[in-house]
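[1] Give me the fold of what follows.
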Amino acid sequence: MTKRFLPLSPKGKLRNIGPTTMERLREVGISGIDDLRALGSLNAYLRLKFRFPTFTSLNALYALEGALLDCDWRHLPAERRNDLRRALQVLTLSGPR
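    Sure thing, here's the model as predicted:
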C-alpha cells in the first residue's frame, strides 16, 4: 500500500483529529501535518501519552496514522494496527534512550 501524505484539509483540519486533540498536539509541539509527518504517528502518540496519559488511548495512535494516510482510523487494516502495537511495545519496553 502506498502512503499518501496530504496537506491539511480545506478547512485546515487533520483527518481524524478533533479540536481537543489538535490542541493537545500543539501543546506537545506538533502544529500540523508537516510536524506529524516528520515525527511519525508512533512518536507523536508517545508525546501525547507522556503529556496526557489518562486521555490518550490506542485510538489516538490509529487516528494519527489515519491522518498521515488520509483514511478513517477505523478503516486501518488490522495488519497495520498490529504493526503499530508491536512497534509501540518495543519502544516502551526498551525505555528512554
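[2] Please report how far the spatially most central residue of the chain lies from Asp34.
    By CA atoms, centre = their mean, the chain has its centre lying nearest to Leu64, at 2.4 Å. Distance of Leu64 to Asp34, given as CB to CB, to the nearest Å: 14 Å. To be clear about C-beta, it is placed using only N, CA and C from the backbone, and glycine gets the same treatment.
[3] Then Leu84?
    From Leu84 to Asp34 the distance is 21 Å (CB to CB).
[4] more crowded one of these two?
    Ranked by neighbour count (other CB atoms under 10 Å), Leu84 and Asp34 place Leu84 first, with 19 against 12.
[5] and the gap between the more buried one and Glu23?
    23 Å.
[6] and the longest helix for this structure?
    The residue-count maximum for a helix in the chain (DSSP state H) belongs to helix 33-51.
[7] what's the next secondary structure element after it?
    Using DSSP states H and E, the helix or strand that directly follows helix 33-51 along the chain is helix 58-69.
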